[in-house]
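Q: Model the following, please.
(chains A, B and C)
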Amino acid sequence: MSEKGYDAHETSTVEDNVKVGEETNIWHYAHVREKAKIGKNCNLGKDVYIDTEVEIGDNVKIQNGVSVYQGVTVGDDVFLGPHMTFTNDIYPRAEGEWNIEETFVEDGVSIGAHATILSGITLGKYCMVGAGAVVTKDVHPHTLVYGNPAVVKGFVCSCGRKFGEGDISFQGKEEVVFECSDCGEKIEIKREVYRKKVE
Amino acid sequence: MSEKGYDAHETSTVEDNVKVGEETNIWHYAHVREKAKIGKNCNLGKDVYIDTEVEIGDNVKIQNGVSVYQGVTVGDDVFLGPHMTFTNDIYPRAEGEWNIEETFVEDGVSIGAHATILSGITLGKYCMVGAGAVVTKDVHPHTLVYGNPAVVKGFVCSCGRKFGEGDISFQGKEEVVFECSDCGEKIEIKREVYRKKVE
Amino acid sequence: MSEKGYDAHETSTVEDNVKVGEETNIWHYAHVREKAKIGKNCNLGKDVYIDTEVEIGDNVKIQNGVSVYQGVTVGDDVFLGPHMTFTNDIYPRAEGEWNIEETFVEDGVSIGAHATILSGITLGKYCMVGAGAVVTKDVHPHTLVYGNPAVVKGFVCSCGRKFGEGDISFQGKEEVVFECSDCGEKIEIKREVYRKKVE
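A: Numbering: from 1, shown residues only, chains lettered A, B, ... in the order given. Okay, the predicted model is just below:
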């Protein structure tokens, strides 16, 4: 580890005036631009790009080839899969103003390989986006989505396990409660979200 | 700016015998191969690859991670979104001859993040390809397409605005005319194209 | 060619303790990690990443931006298209153990640009994955798949030609045999696979 408290491979480019937490690793050919803030114990894979002013939490794993653009905010314990992509304008043109819409990736979210997240979207806590999905709407917490466009396909525990019907421990008028057989955590899903599931 | 009239970051690789216009910026770890021609006031993002003999117009914004292969021609004022991909053979094999089919990206086209454009396709003037789309057919001018495979989802102005039904200013037997409430431009769409729209 | 018998561009990173066959080319900004084994006459494009302990056969063409992760094994004569992506965990989380599931890419397979291959999958000999496909199940030999999720769309010869109905030379109770009008090869497809074709 360098005296800065974090490691950056010699082929990477880390601009001045960035904050990078302890134990964080920045891999080959990655580029962190000025005014970016990256938490501790993160991993930035090969070719990763962190745009100016982007904020990233602690314990975040960013796999190879991911660009995190201005307007995207990433919480703690997030997994950004290989070559997933954020966008930064819904109707972009080469000329004219840039309309940055804010995108939020909340704590514990996992995004699968090669997924695409449109701008202006919030990915709720511990939700999971499947590989190759194109996400065009907000995703509720603990919800699994995939497809193009992505639709609700199930519900997931904080530990990563996908819930089956047998994990339902309570059904109320307003909510469905899953209890994880692996870690024991109970997760409440609102009825209106539960109904969105597509078989 | 360098004495060459354009800027290329020190980590990029620009081969000999290329033409690059004034005010163009070539970002980190990009690679421009010999005999490529790039216009003025362009932006080539991180990790961009411009293959040998490729021609790119003026005012073109190429976002991170885009590879522009031999056989692809890009006009003026084009936006190539983050990590979109061109292809260069429909039925490729590791062995055997390479069948390059020409792909044309006409003036003013915008391609969203992570879109895939099959080879042999023409993207008409000012058309727009949505994020994550897989484009398997030619796209008409001023047409918005998305999905996998991409289908016609609407029509767009040169300024980037998506037209609504309320923007129709004239309906003829052979055409539909939209008038943009933002910039005032009138765009004529042929009936046969208008009919292709999928709700 | 270097005295090692293979070429690696000066901007690439090849770690110690790797095996790379003769006539293999490693392009700009690629990264080959320790204990990887790469065959002869291969091509590793720009930004390619070969993870530790990965094994790759002979005559393999890996296009720009491809990451081959631990757990993926690649045979001979394989084509990995531009920016296609492997994954390495079905339900990943930033924290917790990594569950590597093995992925096999058999001899002669072609994977189109921007395709996504989920982990734990076997791609059978000479199968072909279309551009932008998201492959969620095993693919049988000589089968063409595409879409999100990918489904069977046809059958292909070892030479890369797509078979038409007119190429059927024999129909048995258990199999359908195609004869390629280009190269003359006969390919037997099991009935149960043939039936999976989606028009």
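Q: Can you name the residue of chain A nearest chain C?
A: Of all residues in chain A, A:Gly132 sits closest to chain C, at 3.4 Å by Cβ to the nearest Cβ. (Each C-beta comes from the backbone N, C-alpha and C, glycine too.)
Q: helix, strand or coil for that residue?
A: Secondary structure for A:Gly132, judged by DSSP: H, G, I helix; E, B strand; the rest coil, is coil.
Q: give the contact list for it.
A: Shown in contact with A:Gly132 (Cβ atoms under 8 Å, 6 or more residues apart in numbering or on different chains): A:Gly112, A:Ala113, A:His114, A:Ala115, A:Tyr146, A:Asn148, C:Thr116, C:Val134, C:Asn148.
Q: switch to 6 Å and redo it
A: Applying Cβ atoms under 6 Å, 6 or more residues apart in numbering or on different chains to A:Gly132 gives the contacts A:His114, C:Thr116, C:Val134, C:Asn148.
Q: And A:Glu185, by the same measure?
A: Taking Cβ under 6 Å, 6+ apart as the criterion, A:Glu185 is in contact with A:Cys157, A:Ser158.
Q: For A:Cys159, which non-adjacent residue is closest in space?
A: A:Cys183 (4.3 Å; Cβ to Cβ, 6 or more residues apart in numbering or on different chains).
Q: I'd like to know how many residues surround that neighbour.
A: Taking other Cβ atoms under 10 Å in any protein chain shown as the criterion, the count of residues near A:Cys183 is 12.
Q: picking that back up, in space, what's closest to the residue of chain A closest to chain C - neighbours in sequence excluded?
A: Using Cβ to Cβ, 6+ apart and skipping the chain neighbours, the partner closest in space to A:Gly132 is C:Val134 (3.4 Å).
Q: what does the model give that neighbour for pLDDT?
A: Model confidence at C:Val134, given as pLDDT, is 97.
Q: Can you verify my assumption that it contacts C:Tyr146?
A: No. Here C:Val134 lies out of contact with C:Tyr146, judged by Cβ atoms under 6 Å, at a distance of 9.3 Å.
Q: Looking at the two, which is more packed in?
A: C:Val134 (31 against 24).
Q: near chain C, which residues of chain A show up?
A: For chain A, the residues in contact with chain C under the definition Cβ under 6 Å from any Cβ of the partner chain are A:28-29, A:46-47, A:59, A:61, A:64, A:77-79, A:82-83, A:110, A:113-114, A:131-132, A:148, A:160.
Q: Could you list which of those residues belong to strands?
A: Within the residues of chain A next to chain C, residues falling in strands by DSSP state E are A:Lys61, A:Phe79, A:Ser110.
Q: pLDDT score assigned to the first one?
A: Read that as A:Lys61. Per-residue confidence for A:Lys61 comes out at a pLDDT of 97.
Q: I'd like to know how many residues surround A:Glu95.
A: Applying the criterion other Cβ under 10 Å, we find 14 residues in the vicinity of A:Glu95.
Q: what's the answer for A:Val177, then?
A: Around A:Val177 sit 14 other residues, with neighbours defined as other Cβ under 10 Å.
Q: mind listing what it touches?
A: With contact set as Cβ under 6 Å, 6+ apart, A:Val177 has these partners: A:Ser169, A:Phe170, A:Lys186, A:Glu188.
Q: Tell me what the residue of chain A found nearest chain B is bridged to.
A: Proximity of chain A to chain B (Cβ to the nearest Cβ) peaks at A:Val134, 3.4 Å away. With DSSP bridges as the criterion, A:Val134 is bridged to A:Thr116.
Q: Is it correct that it is in contact with A:Ile117?
A: No. At 8.4 Å, A:Val134 does not count as touching A:Ile117 under the criterion of Cβ under 6 Å.
Q: Give me the common contacts of the two.
A: Shared contacts of A:Val134 and A:Ile117 (Cβ under 6 Å, 6+ apart): none.
Q: what does the average pLDDT come to for stretch A:11-18?
A: Mean per-residue pLDDT for stretch A:11-18: 97.
Q: I'd like the distance from the residue lying farthest from the centre of chain A to A:Arg191, if you could.
A: Most distant from the centre of chain A: A:Lys173, at 30.8 Å, with distances by Cα atoms, centre = their mean. Between A:Lys173 and A:Arg191 the distance is 7 Å, computed by Cβ to Cβ, to the nearest Å.
Q: quick revisit: pretty sure the residue farthest from the centre of chain A is in a strand, no?
A: No. The assignment for A:Lys173 by three-state DSSP gives coil, which leaves it out of any strand.
Q: sorry, back to before: the residue nearest to A:Cys159 contacts A:Ser158, correct?
A: No. Using Cβ under 6 Å, A:Cys183 makes no contact with A:Ser158, being 7.3 Å away.
Q: so who does A:Arg163 touch?
A: Not quite, residue A:163 is Phe, not Arg. Residues in contact with A:Phe163 (Cβ under 6 Å, 6+ apart) are A:Phe155, A:Phe178.
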